[in-house]
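Chemist: Here's my sequence, what's the structure:
(chains A and B)
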Amino acid sequence: MHVPDGFINAPISIAAGIVAAGGLAVCLRGARKELDDKTAPLAGLVAAFVFAVQMLNFPVGVGTSGHLMGGVLAAVLVGPYTGVLCVSVVLIVQALFFADGGLSALGVNIILMALVTALVGYAIVLALQVMLPRRRASVVPAAVVGAFVSVPVGAVVFVVLFALGGTADIPFGSVLTAMIGVHVLIGIGEAVITGLTVASILSVRPDLVYAARRYEQHLHLRTPATR
Amino acid sequence: MRGALVTRTRVFLLSFLAVALVLAAVVSSYASGSPDGLERAASDAGFGETAEEHALDGSPFADYATAGVDSSFASTAISGIVGVLVTALIGVGLFLLVRRRSARE
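Modeler: Residues are numbered from 1 along each chain as shown, chains lettered A, B, ... in the order given. Below is the predicted model:
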(Lines give C-alpha, C1' and ligand atoms only; values in the text may rest on other atoms or scores of the structure.)
Protein backbone atom coordinates (compact mmCIF):
# COMPACT_ATOMS: atom_id res chain seq x y z
CA MET A 1 0.00 0.00 0.00
CA HIS A 2 3.03 2.29 -0.40
CA VAL A 3 1.58 5.61 -1.57
CA PRO A 4 3.80 7.26 -4.22
CA ASP A 5 4.33 11.00 -4.58
CA GLY A 6 1.58 12.66 -6.60
CA PHE A 7 -1.54 10.89 -5.28
CA ILE A 8 -2.09 13.27 -2.35
CA ASN A 9 -1.62 17.05 -2.61
CA ALA A 10 0.95 19.07 -0.68
CA PRO A 11 -1.28 20.50 2.10
CA ILE A 12 -2.69 17.10 3.11
CA SER A 13 0.74 15.47 2.74
CA ILE A 14 2.22 18.09 5.09
CA ALA A 15 -0.68 17.70 7.54
CA ALA A 16 -0.18 13.93 7.43
CA GLY A 17 3.53 14.44 8.07
CA ILE A 18 2.74 16.49 11.19
CA VAL A 19 0.23 13.90 12.45
CA ALA A 20 2.71 11.09 11.76
CA ALA A 21 5.52 12.93 13.59
CA GLY A 22 3.22 13.50 16.58
CA GLY A 23 2.18 9.85 16.54
CA LEU A 24 5.80 8.69 16.44
CA ALA A 25 6.66 10.99 19.36
CA VAL A 26 3.87 9.43 21.43
CA CYS A 27 5.06 5.95 20.43
CA LEU A 28 8.67 6.74 21.36
CA ARG A 29 7.46 7.58 24.88
CA GLY A 30 5.20 4.54 25.06
CA ALA A 31 7.85 2.17 23.69
CA ARG A 32 10.09 2.92 26.67
CA LYS A 33 7.76 0.89 28.88
CA GLU A 34 7.70 -2.01 26.40
CA LEU A 35 11.43 -2.29 25.82
CA ASP A 36 14.12 -3.68 28.09
CA ASP A 37 17.54 -5.24 27.57
CA LYS A 38 16.00 -8.44 26.20
CA THR A 39 13.22 -7.04 24.02
CA ALA A 40 15.10 -4.09 22.45
CA PRO A 41 17.27 -6.30 20.17
CA LEU A 42 14.22 -8.46 19.39
CA ALA A 43 12.25 -5.37 18.32
CA GLY A 44 15.04 -4.32 15.96
CA LEU A 45 15.00 -7.75 14.35
CA VAL A 46 11.19 -7.67 14.11
CA ALA A 47 11.63 -4.53 11.98
CA ALA A 48 14.17 -6.38 9.80
CA PHE A 49 11.80 -9.36 9.50
CA VAL A 50 8.93 -7.08 8.45
CA PHE A 51 11.21 -5.51 5.82
CA ALA A 52 12.03 -8.98 4.45
CA VAL A 53 8.42 -10.19 4.36
CA GLN A 54 7.28 -6.94 2.71
CA MET A 55 9.45 -7.95 -0.28
CA LEU A 56 7.34 -11.10 -0.72
CA ASN A 57 4.40 -9.96 -2.81
CA PHE A 58 1.78 -12.69 -3.08
CA PRO A 59 -0.80 -12.81 -5.89
CA VAL A 60 -4.36 -11.69 -5.13
CA GLY A 61 -6.52 -12.39 -8.14
CA VAL A 62 -5.28 -11.94 -11.67
CA GLY A 63 -2.58 -9.33 -12.26
CA THR A 64 -2.59 -7.94 -8.73
CA SER A 65 -0.42 -8.58 -5.71
CA GLY A 66 -0.18 -7.64 -2.08
CA HIS A 67 2.29 -7.94 0.74
CA LEU A 68 2.35 -7.99 4.51
CA MET A 69 2.10 -4.63 6.23
CA GLY A 70 3.21 -6.10 9.52
CA GLY A 71 1.67 -3.63 11.96
CA VAL A 72 -0.30 -6.25 13.90
CA LEU A 73 2.52 -8.79 13.71
CA ALA A 74 4.98 -6.30 15.21
CA ALA A 75 2.49 -5.07 17.82
CA VAL A 76 1.72 -8.61 19.01
CA LEU A 77 5.42 -9.54 19.19
CA VAL A 78 6.88 -6.41 20.79
CA GLY A 79 3.99 -4.20 21.90
CA PRO A 80 1.81 -1.66 20.09
CA TYR A 81 4.00 1.45 20.52
CA THR A 82 7.16 -0.41 19.55
CA GLY A 83 5.23 -2.09 16.73
CA VAL A 84 4.39 1.29 15.20
CA LEU A 85 8.07 2.24 15.42
CA CYS A 86 9.16 -1.06 13.78
CA VAL A 87 6.95 -0.54 10.74
CA SER A 88 7.94 3.16 10.59
CA VAL A 89 11.64 2.24 10.48
CA VAL A 90 10.84 -0.13 7.60
CA LEU A 91 8.89 2.57 5.72
CA ILE A 92 11.69 5.13 6.18
CA VAL A 93 14.35 2.66 4.98
CA GLN A 94 12.17 1.74 1.97
CA ALA A 95 11.53 5.38 1.01
CA LEU A 96 15.17 6.46 1.41
CA PHE A 97 17.07 3.45 0.04
CA PHE A 98 14.63 1.52 -2.16
CA ALA A 99 12.57 4.28 -3.84
CA ASP A 100 9.44 2.59 -2.46
CA GLY A 101 6.81 4.97 -1.10
CA GLY A 102 7.10 8.65 -2.00
CA LEU A 103 9.24 10.99 0.12
CA SER A 104 6.43 13.55 0.36
CA ALA A 105 4.02 10.69 1.08
CA LEU A 106 6.09 9.36 4.01
CA GLY A 107 3.70 10.87 6.56
CA VAL A 108 0.71 9.37 4.74
CA ASN A 109 2.41 5.97 4.61
CA ILE A 110 3.36 6.05 8.30
CA ILE A 111 -0.26 6.87 9.19
CA LEU A 112 -1.70 4.12 6.95
CA MET A 113 0.73 1.26 7.46
CA ALA A 114 2.24 1.91 10.88
CA LEU A 115 -0.13 3.93 13.08
CA VAL A 116 -3.51 2.75 11.79
CA THR A 117 -2.74 -0.91 11.20
CA ALA A 118 -0.75 -1.45 14.40
CA LEU A 119 -3.04 0.49 16.73
CA VAL A 120 -6.44 -0.50 15.28
CA GLY A 121 -5.26 -4.08 14.81
CA TYR A 122 -3.85 -4.29 18.32
CA ALA A 123 -7.08 -2.89 19.80
CA ILE A 124 -8.90 -5.78 18.10
CA VAL A 125 -6.33 -8.24 19.45
CA LEU A 126 -6.87 -6.93 23.00
CA ALA A 127 -10.66 -7.08 22.67
CA LEU A 128 -10.49 -10.67 21.42
CA GLN A 129 -8.12 -11.68 24.20
CA VAL A 130 -10.75 -10.59 26.70
CA MET A 131 -13.37 -12.77 24.98
CA LEU A 132 -11.23 -15.83 24.20
CA PRO A 133 -10.15 -18.45 26.79
CA ARG A 134 -7.39 -17.25 29.11
CA ARG A 135 -4.53 -19.21 27.63
CA ARG A 136 -1.48 -18.44 25.54
CA ALA A 137 -2.78 -20.11 22.39
CA SER A 138 -5.56 -17.49 22.22
CA VAL A 139 -2.96 -14.97 21.00
CA VAL A 140 -2.89 -16.67 17.59
CA PRO A 141 -6.59 -16.34 16.59
CA ALA A 142 -6.66 -12.83 18.09
CA ALA A 143 -3.64 -11.84 15.98
CA VAL A 144 -5.13 -13.45 12.86
CA VAL A 145 -8.38 -11.48 13.13
CA GLY A 146 -6.57 -8.25 14.06
CA ALA A 147 -4.25 -8.62 11.06
CA PHE A 148 -7.09 -9.41 8.69
CA VAL A 149 -9.14 -6.37 9.72
CA SER A 150 -6.15 -3.99 9.84
CA VAL A 151 -5.57 -4.06 6.07
CA PRO A 152 -9.04 -2.94 4.86
CA VAL A 153 -9.08 -0.37 7.69
CA GLY A 154 -5.80 1.05 6.35
CA ALA A 155 -7.35 1.06 2.86
CA VAL A 156 -10.38 3.02 4.11
CA VAL A 157 -8.11 5.58 5.79
CA PHE A 158 -6.32 6.00 2.44
CA VAL A 159 -9.70 6.64 0.77
CA VAL A 160 -10.47 9.32 3.38
CA LEU A 161 -7.07 10.99 2.85
CA PHE A 162 -7.64 10.81 -0.91
CA ALA A 163 -11.04 12.47 -0.50
CA LEU A 164 -9.37 15.26 1.50
CA GLY A 165 -6.35 15.78 -0.71
CA GLY A 166 -6.39 13.55 -3.79
CA THR A 167 -4.87 15.27 -6.82
CA ALA A 168 -7.44 13.67 -9.14
CA ASP A 169 -11.14 14.40 -8.85
CA ILE A 170 -12.59 10.91 -8.40
CA PRO A 171 -15.85 10.21 -6.53
CA PHE A 172 -15.35 8.84 -2.97
CA GLY A 173 -17.45 5.77 -3.78
CA SER A 174 -15.35 4.80 -6.81
CA VAL A 175 -12.08 4.97 -4.87
CA LEU A 176 -13.63 3.07 -1.95
CA THR A 177 -14.97 0.30 -4.20
CA ALA A 178 -11.65 -0.07 -5.99
CA MET A 179 -9.67 -0.15 -2.73
CA ILE A 180 -11.80 -2.27 -0.43
CA GLY A 181 -12.20 -5.53 -2.40
CA VAL A 182 -8.53 -6.04 -3.18
CA HIS A 183 -7.48 -5.08 0.35
CA VAL A 184 -9.87 -7.61 1.90
CA LEU A 185 -7.99 -10.23 -0.15
CA ILE A 186 -4.62 -8.83 0.92
CA GLY A 187 -5.95 -8.95 4.50
CA ILE A 188 -6.28 -12.72 4.18
CA GLY A 189 -2.58 -12.94 3.30
CA GLU A 190 -1.75 -10.59 6.18
CA ALA A 191 -3.76 -12.85 8.53
CA VAL A 192 -2.05 -16.05 7.33
CA ILE A 193 1.50 -14.66 7.58
CA THR A 194 0.81 -13.02 10.96
CA GLY A 195 -0.78 -16.20 12.34
CA LEU A 196 2.05 -18.50 11.17
CA THR A 197 4.77 -16.19 12.49
CA VAL A 198 3.13 -15.60 15.88
CA ALA A 199 2.35 -19.32 16.30
CA SER A 200 5.95 -20.29 15.43
CA ILE A 201 7.53 -17.87 17.89
CA LEU A 202 4.93 -18.74 20.54
CA SER A 203 5.87 -22.42 20.25
CA VAL A 204 9.60 -21.86 20.84
CA ARG A 205 9.78 -18.72 22.99
CA PRO A 206 6.37 -17.74 24.39
CA ASP A 207 8.13 -15.37 26.81
CA LEU A 208 9.22 -13.24 23.83
CA VAL A 209 5.65 -12.62 22.59
CA TYR A 210 4.44 -9.35 24.11
CA ALA A 211 0.72 -10.12 23.76
CA ALA A 212 1.19 -13.48 25.54
CA ARG A 213 2.67 -11.93 28.68
CA ARG A 214 -0.78 -11.35 30.18
CA TYR A 215 -1.10 -15.14 30.57
CA GLU A 216 2.10 -15.57 32.54
CA GLN A 217 1.62 -17.46 35.75
CA HIS A 218 2.68 -15.43 38.73
CA LEU A 219 4.07 -17.56 41.49
CA HIS A 220 3.27 -16.40 44.97
CA LEU A 221 5.74 -17.26 47.66
CA ARG A 222 3.91 -17.81 50.89
CA THR A 223 5.80 -17.93 54.13
CA PRO A 224 4.50 -17.65 57.69
CA ALA A 225 5.73 -14.06 57.76
CA THR A 226 3.57 -12.94 54.80
CA ARG A 227 0.31 -14.32 56.17
CA MET B 1 20.40 -20.50 34.75
CA ARG B 2 20.50 -16.86 33.73
CA GLY B 3 23.47 -17.46 31.49
CA ALA B 4 21.66 -20.34 29.74
CA LEU B 5 18.62 -18.15 29.09
CA VAL B 6 20.78 -15.36 27.65
CA THR B 7 22.44 -17.88 25.31
CA ARG B 8 19.07 -19.29 24.29
CA THR B 9 17.80 -15.79 23.53
CA ARG B 10 20.92 -15.05 21.50
CA VAL B 11 20.42 -18.25 19.48
CA PHE B 12 16.77 -17.34 18.91
CA LEU B 13 17.62 -13.81 17.76
CA LEU B 14 20.31 -15.02 15.36
CA SER B 15 17.92 -17.62 13.92
CA PHE B 16 15.23 -14.95 13.51
CA LEU B 17 17.70 -12.72 11.63
CA ALA B 18 18.78 -15.69 9.49
CA VAL B 19 15.14 -16.39 8.51
CA ALA B 20 14.70 -12.72 7.54
CA LEU B 21 17.88 -12.84 5.43
CA VAL B 22 16.79 -16.02 3.61
CA LEU B 23 13.34 -14.55 2.91
CA ALA B 24 14.83 -11.29 1.57
CA ALA B 25 17.69 -12.91 -0.36
CA VAL B 26 16.18 -16.09 -1.78
CA VAL B 27 12.39 -16.25 -1.45
CA SER B 28 12.05 -12.64 -2.70
CA SER B 29 12.97 -13.77 -6.24
CA TYR B 30 9.75 -15.81 -6.31
CA ALA B 31 7.54 -12.89 -5.24
CA SER B 32 4.79 -11.69 -7.54
CA GLY B 33 5.79 -8.79 -9.78
CA SER B 34 2.21 -7.71 -10.44
CA PRO B 35 1.05 -4.23 -9.39
CA ASP B 36 0.06 -4.12 -5.72
CA GLY B 37 -3.44 -3.52 -4.37
CA LEU B 38 -3.09 0.27 -4.26
CA GLU B 39 -1.60 0.52 -7.79
CA ARG B 40 -4.38 -1.71 -9.07
CA ALA B 41 -7.11 0.26 -7.30
CA ALA B 42 -5.62 3.54 -8.52
CA SER B 43 -5.70 2.44 -12.14
CA ASP B 44 -9.21 0.94 -11.72
CA ALA B 45 -10.53 4.16 -10.17
CA GLY B 46 -8.72 6.31 -12.73
CA PHE B 47 -5.95 8.10 -10.82
CA GLY B 48 -3.07 5.71 -11.50
CA GLU B 49 -1.32 8.16 -13.80
CA THR B 50 -1.10 10.84 -11.09
CA ALA B 51 1.73 8.81 -9.48
CA GLU B 52 5.02 10.64 -9.84
CA GLU B 53 8.38 9.03 -10.32
CA HIS B 54 10.21 8.54 -7.04
CA ALA B 55 12.69 11.32 -6.29
CA LEU B 56 15.39 8.71 -5.56
CA ASP B 57 14.64 6.46 -8.55
CA GLY B 58 18.29 6.52 -9.61
CA SER B 59 19.62 5.37 -6.23
CA PRO B 60 21.71 2.13 -6.11
CA PHE B 61 18.95 -0.07 -4.61
CA ALA B 62 15.88 1.57 -6.18
CA ASP B 63 12.98 -0.86 -6.61
CA TYR B 64 14.79 -3.63 -4.71
CA ALA B 65 17.41 -4.10 -7.42
CA THR B 66 21.15 -3.53 -7.22
CA ALA B 67 22.66 -1.13 -9.74
CA GLY B 68 25.30 -2.74 -11.93
CA VAL B 69 24.33 -6.36 -11.17
CA ASP B 70 23.07 -8.17 -14.28
CA SER B 71 21.65 -11.35 -12.77
CA SER B 72 18.16 -10.50 -11.59
CA PHE B 73 18.38 -13.08 -8.79
CA ALA B 74 21.62 -11.59 -7.44
CA SER B 75 20.32 -8.06 -7.93
CA THR B 76 17.23 -8.72 -5.80
CA ALA B 77 19.16 -10.83 -3.30
CA ILE B 78 21.84 -8.19 -2.63
CA SER B 79 19.25 -5.42 -2.21
CA GLY B 80 17.24 -7.66 0.13
CA ILE B 81 20.26 -8.50 2.30
CA VAL B 82 21.27 -4.82 2.45
CA GLY B 83 17.70 -3.85 3.36
CA VAL B 84 17.41 -6.41 6.17
CA LEU B 85 20.80 -5.46 7.64
CA VAL B 86 20.20 -1.69 7.41
CA THR B 87 16.74 -2.08 8.98
CA ALA B 88 18.14 -4.32 11.73
CA LEU B 89 20.95 -1.87 12.51
CA ILE B 90 18.65 1.15 12.67
CA GLY B 91 15.99 -0.80 14.57
CA VAL B 92 18.29 -2.36 17.17
CA GLY B 93 20.12 0.96 17.64
CA LEU B 94 16.90 2.95 18.05
CA PHE B 95 15.32 0.47 20.45
CA LEU B 96 18.46 0.15 22.58
CA LEU B 97 18.40 3.95 22.96
CA VAL B 98 14.69 4.01 23.81
CA ARG B 99 14.65 1.05 26.25
CA ARG B 100 14.51 1.16 30.03
CA ARG B 101 18.04 0.79 31.32
CA SER B 102 18.53 -2.09 33.68
CA ALA B 103 19.67 -1.28 37.21
CA ARG B 104 23.16 -2.64 36.56
CA GLU B 105 24.09 0.20 34.23
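Chemist: List of residues touching the least confident helix or strand in chain B by mean pLDDT?
Modeler: When the helices and strands of chain B are scored by mean pLDDT, DSSP states H and E, helix B:2-25 comes last with a mean of 92. Contacting residues not belonging to helix B:2-25 are listed as A:38, A:41-42, A:45, A:48-49, A:51-53, A:55-56, A:204-205, A:208, B:77, B:80-81, B:83-84, B:88 [CB atoms under 8 Å, 6 or more residues apart in numbering or on different chains]. Heads up, the C-betas are built off the backbone N, CA and C, glycines and all.
Chemist: From the structure, what's the count of residues near residue A:42?
Modeler: For residue A:42, the neighbour count with other CB atoms under 10 Å in any protein chain shown is 24.
Chemist: Confirm for me that it is in contact with residue A:79.
Modeler: No - using CB atoms under 8 Å, residue A:42 is not in contact with residue A:79; the gap is 10.5 Å.
Chemist: Determine the three-state secondary structure at residue A:185.
Modeler: Following DSSP: H, G, I helix; E, B strand; the rest coil, we place residue A:185 in the helix state.
Chemist: go on, the one 5 residues further on?
Modeler: Counting by three-state DSSP, the backbone at residue A:190 sits in helix.
Chemist: With residue A:5 as the reference, measure out to it.
Modeler: Counting by CB to CB, to the nearest Å, the gap from residue A:190 to residue A:5 is 25 Å.
Chemist: Give me the more crowded residue out of the two.
Modeler: Each of residue A:190 and residue A:5 has its neighbours counted (other CB under 10 Å); residue A:190 has more, 31 against 21.
Chemist: How about that one, nearest residue that isn't a chain neighbour?
Modeler: What sits nearest to residue A:190 in space, not counting adjacent residues and going by CB to CB, 6 or more residues apart in numbering or on different chains, is residue A:147, at 4.6 Å.
Chemist: Now do the contacts for the one you found.
Modeler: A:72, A:73, A:121, A:187, A:190, A:191, A:193, A:194, A:195.
Chemist: so which strand or helix has it?
Modeler: Using DSSP states H and E, the element containing residue A:147 is helix A:139-165.
Chemist: any idea of the mean pLDDT for that helix?
Modeler: For helix A:139-165, mean pLDDT is 98.
Chemist: Could you list the buried residues of that helix?
Modeler: Using 16 or more other CB atoms under 10 Å in any protein chain shown as the test for burial, helix A:139-165 gives A:139-159, A:161-162, A:165.
Chemist: Low-confidence regions, chain A specifically.
Modeler: A:217-219, A:226-227 (pLDDT under 70).
Chemist: ok, the residue of chain A found nearest chain B to residue B:60 distance?
Modeler: Residue nearest to chain B within chain A: residue A:44 (3.0 Å; CB to the nearest CB). Applying CB to CB, the value for residue A:44 to residue B:60 is 23 Å.
Chemist: higher neighbour count, the two?
Modeler: residue A:44 (28 against 15).
Chemist: Tell me which residues touch residue A:73, please.
Modeler: Contact analysis of residue A:73 by CB under 8 Å, 6+ apart lists A:46, A:50, A:83, A:143, A:147, A:193, A:194, A:197, A:198.
Chemist: now do 6 Å
Modeler: A:194, A:197 (CB atoms under 6 Å, 6 or more residues apart in numbering or on different chains).
Chemist: chain center to the helix or strand harbouring it: distance?
Modeler: In this assignment (DSSP H and E), residue A:73 forms part of helix A:71-78. Offset of helix A:71-78 from its chain centre (CA atoms, centre = their mean, to the nearest Å): 6 Å.
Chemist: Run through who's touching the first helix or strand past it going along the chain.
Modeler: As assigned by DSSP H and E, the chain's next helix or strand after helix A:71-78 is helix A:80-97. Under the criterion CB under 6 Å, 6+ apart, residues A:27, A:30-31, A:34, A:43, A:46-47, A:50-51, A:70-71, A:74-75, A:100-101, A:103, A:106, A:109-110, A:113-115, A:118, A:122, B:61, B:86-87, B:90-91 lie in contact with helix A:80-97.
Chemist: Derive a ChimeraX selection command for the buried subset of the residues you listed.
Modeler: One line in ChimeraX is enough to select the buried members of those, burial here meaning 16+ other CB under 10 Å:
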select /A:27,30,31,34,43,46,47,50,51,70,71,74,75,100,101,106,109,110,113,114,115,118,122 /B:61,86,87,90,91
